[in-house]
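# With the sequence up front, the predicted model follows.
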Amino acid sequence: MTSQHRSNPADFHLLVDGIALEIGLDADEIAARKAYLELDDADVAALRDVRELLESQRHAFSDRFYAHLLSFPQLRILLGAGAETRLRHLQAAYFSSLTAGDYGQDYIRERLRVGVTHQRIGLDPKWYIGAYRKYLSELHDILWQRLQGQPERFRAAVEAILKIVCFDMGLALDTYAHADQRSNLQNQNYLEQVIDGMPAGLVVVDSELRACSMNRMMADLLGAPDDALQERRIPLDELIPCTELVNRAIETLASGAAQDHVMATFDGRADGVRYVEFNIRRTRKDGAPMLLLIGQDITFRRKARMRLQESEEFFRLTFNQAAVGIVLLGSDGRVLRTNSKMSHILGYTEVELLARFYQQFMCEEDLAEELALIGGLKAGEITEYQREKRLMRRDGSPVWVSVTVSSMRDANGNQRFICVVKDIQRQKQAEEALLRMANHDALTGLPNRVLMQDRLRQAIMHAHRTKRQVAVMFIDLDRFKHVNDSLGHDAGDQLIVEIARRLSTSLRESDTVARQGGDEFVVVLPDLAGEEDAAKVARKLLGNLFQPLVLRGQEVFPSGSIGIAMYPRDGEDSTTLLKCADSAMYGSKGQGGNDYSFYTAAMGAQAYEHLRMEGALQRALQREEFLLHYQPVVDIETGTVTGVEALLRWQPHEREMVSPADFIPLAEETGLIVPIGDWVLATAMKQQVAWVEAGLPSLRVSVNLSARQFLGQDVAQRVRALLAETGCDPACLTLEITESVLMENPAAATETMGRLAAMGVQLAIDDFGTGYSSLASLKRFPIHSLKIDRSFVMDLTQDADDAAIVNAVIALAHSMKLNVIAEGVETREQLDFLQQHGCDQMQGFCFSRPVAPQGIAAMLRRAA
Ligand SMILES: Nc1nc2c(ncn2[C@@H]2O[C@@H]3COP(=O)(O)O[C@H]4[C@@H](O)[C@H](n5cnc6c(=O)[nH]c(N)nc65)O[C@@H]4COP(=O)(O)O[C@H]3[C@H]2O)c(=O)[nH]1
């Protein structure tokens, strides 16, 4: 039995009634059929008449009937296993109803039911028409046997049975045909739905290669409307413009051979390029060959594969051409994949790398930490780590790299590590060089101030813990400036390098020698028991320094002044200790150099005063606390005032006036002399102009120039600018320079003086006689005047030597056409002496002390 036979009886009745209605089996139709068969009441009576007769033969009839039917194997299959019992039962019912004489609605419905059933089980009309034939023959035989002697009754019965059986056959056949038609329609509908709903596209092509139909999926794939083929059959190559597909379709049409996996690529309109894989089958319809083209949309798959290929290609290129080394490692560290940059970094070929383990490239000292990190990755505690470290190259040299190691899983779930390795060797070298530069002195290679302070701090911390002492030595070379000026900077540098070497070799590894700048060095001696240890080292250093050295063919004996501060006695931090050592060094210098001094509190006070003054001087400029006094310069012959010397005065707010002798050396040392001197020059020039403008006779103004002012800046250019600014006549300006300034750098001095003289400015040598230069050596300088120092004038009348010197200076100066001015003339006797010996001019208390500008104006007005 098929599943169809198991349908609900109520549904089955409805089906049967529905069919009856569809084929129009109403009462009129039944009556018409009966009339056509001439089945009338006489037949009904004839059938009833043989009922009993036939009933008695029912079993024998049934045996023969089924023996015949079931002798046909196809029929046995169609009827199904165990059908005989069920059929015998049905047949018995039919056999009874056949002669029951009631052929109304129930009888007819039963006939229709049989027709539907036969159609459902696929029992073709040939089978049941054959069965009806057997039925009739058997009945005929039974009736013949029983009614042989009653021909009328026999004929009437046979006639009636023939009519009713034909009536039944008509009903069954009509029902069968109708059910078949219904079923066909249903099947077609079902098929259409399946085809329409299937996830593959289908296009049916006729023998002339024109598409006759296609399902919705195919219409979707082609971007065509669903009803595209309703109007006309479209040629296949127009519907799907793909030559390969059309050619293969032609082949299949000709040979009948199925074609699979035919790729077609076409424009799917809005969806872009479509990739469809077709299977082509040849079939027949209505005798004509036709093709079924079943297409599977593989666009997504294809694009995904292309994307995958693309990303694989991208990865491969990126991997191979990356500017960083990339290595894929197995969980045991074996190199599974690597790129050319990695080969370049490590100096191995790619093949050599593949045979190795990552651990083999590590530095011994990194190994433990690195393995611990990889352990962390393996345990999932971290997902990646980044480190800067060294890897060992093939030639055994280390290379600095920055490595990022990340954990990943391959397609099989195996743990892998991916290392991205960046070569930072150059960067590290640059960093190291920078670090060296930041911490070391370029000339000597010694630690610089920064590194020294760091070492000093460490030494202090260590000494603090161990209850030991630290000595800080400040070393300044004696007369270094002299070497530099007389032998040149190269010789100076050579001396510094040699000193650095001598200091370094005199000390222990744990000591630090640093160059503080210029000719200053600092030595840190950590871990000392006491002051005596430091004194011993200082003596040794001085001894080693004071060894002869030949510089530019000249033998030099370097010596230094050492100041020593002790931790913790003199200070507990590096800044204080360095300051103390610096003060102590000045102490040594003050005693003539080539010696060492320990710091004392008195030095501290001096240093403090030094600092205080420095700050105060700086503020003095801003607060305009400076002023100029002027001392007249008098012609000894006539007694007239020919000029004035400008002398600087500092009048701090609400405090006593400070002597220039007290602050000029400090201003020199700190460099403040430059802006202060500039102010003096400008003020004096302005004053000169102011007096002239006030109607007074034009006076020569002399201005003192300090060593730093004269040698350190472009004084000529500055004077030129100020002359222009103030309108002062250069011929009324004298610049005074001390003898020692000239001798410090004669070459530079000659050049500067030449430029000044060229402007018309006069130059005078101040404090003459205090230095050691001979008058002859002054010849090469463009000088106008010599000022005899006050110290000679002072004892002139008591000391025969001084008188002789002054006399000689005047005579010689005159022989060199120089003007001579005597300073500090206090007495009449001094003045007389100078007058007698032909001194040209003088200045001193005997005529006037330095006075404010108004004092000079009054003096000039009185004289006029
Ligand atoms: N005992 C005595 N002294 C006399 C007599 N006549 C003048 N003096 C003093 O002798 C100094 C002369 O100046 P100097 O030798 O250039 O010595 C100057 C000069 O070297 C320096 N100085 C002063 N003003 C300036 C300046 O503007 N620039 C620079 N660079 N140095 C200056 O300060 C030094 C001292 O200046 P002052 O204290 O003004 O001292 C002045 C002046 O007051 C006298 O008859 N008896």
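In hand now; what should we look at?
# mind giving me the domain ranges of the chain?
Using automatic domain parsing, the domains assigned to the chain come out as 3-193, 198-302, 322-429, 440-599, 613-863.
# what about the last one and the ligand, any contact?
Yes - against the ligand, domain 613-863 shows contacts by C-beta under 6 Å from any ligand atom at 631, 646-648, 659-661, 664, 677, 680, 704-706, 766-767, 790, 823-826, 843-845, 850. C-betas here are computed from N, CA, C, even on glycine.
# Buried among those? Need that as a selection in ChimeraX.
To isolate the buried ones among the residues of domain 613-863 next to the ligand in ChimeraX, judged by 16 or more other C-beta atoms under 10 Å, type:
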select :631,646,647,648,660,664,677,680,704,705,706,766,767,790,823,824,825,843,844,850
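# what's near enough to touch G170?
G170 is in contact with 33, 37, counting by C-beta atoms under 8 Å, 6 or more residues apart in numbering.
# where in the stretch 751-864 of the chain is pLDDT low?
770-776 (pLDDT under 70).
# try 80
Applying pLDDT under 80 to the stretch 751-864 of the chain flags the ranges 768-779, 864.
# Equivalent analysis for the stretch 151-300 of the chain, please.
Applying pLDDT under 80 to the stretch 151-300 of the chain flags the ranges 183, 187, 191-192, 194-198, 226-228, 267-272, 286.
# show me where it has strands.
Ranges of strands within the stretch 151-300 of the chain are 201-205, 210-214, 234-235, 259-267, 273-285, 288-297, based on DSSP state E, counting those that start in this stretch.
# among the ones you listed, which is nearest M759?
Of all the strands of the stretch 151-300 of the chain, it is strand 273-285 that lies closest to M759, at 90.1 Å by C-beta to C-beta.
# Let's verify the residue of the chain most remote from its centre: helix, strand, or coil?
Computed with C-alpha atoms, centre = their mean, the maximum C-alpha offset from the centroid of the chain is found at G149, amounting to 121.6 Å. What DSSP: H, G, I helix; E, B strand; the rest coil gives for G149 is coil.
# Quick check: it vs L53, distance?
The span separating G149 from L53 equals 13 Å under the rule C-beta to C-beta, to the nearest Å.
# Not counting sequence-adjacent ones, nearest residue to A684?
Using C-beta to C-beta, 6 or more residues apart in numbering and skipping residues adjacent in sequence, the residue nearest A684 is A646, 4.1 Å away.
# on that earlier part again, for the ligand, see how far away the residue farthest from the centre of the chain is.
181 Å (C-beta to the nearest ligand atom, to the nearest Å).
# Could you pull up phi and psi at that residue?
Main-chain dihedrals, G149, degrees, to the nearest 10: phi -90, psi -10.
# cool, and V701?
The phi/psi pair for V701 (degrees, to the nearest 10) is phi -110, psi 130.
# can you start the count at 410 instead of 1 from here on
With 410 as the first residue, the last one maps to V1110.
# Beta-bridge partners for I689, please?
Beta-bridge partners for I689, by DSSP bridges, are Q668, L702.
# List the contacts of it.
Applying C-beta under 8 Å, 6+ apart, the residues near I689 are 657-658, 661, 667-669, 671, 700-703.
# what does G854 give?
Contacts of G854 by C-beta under 8 Å, 6+ apart are A909.
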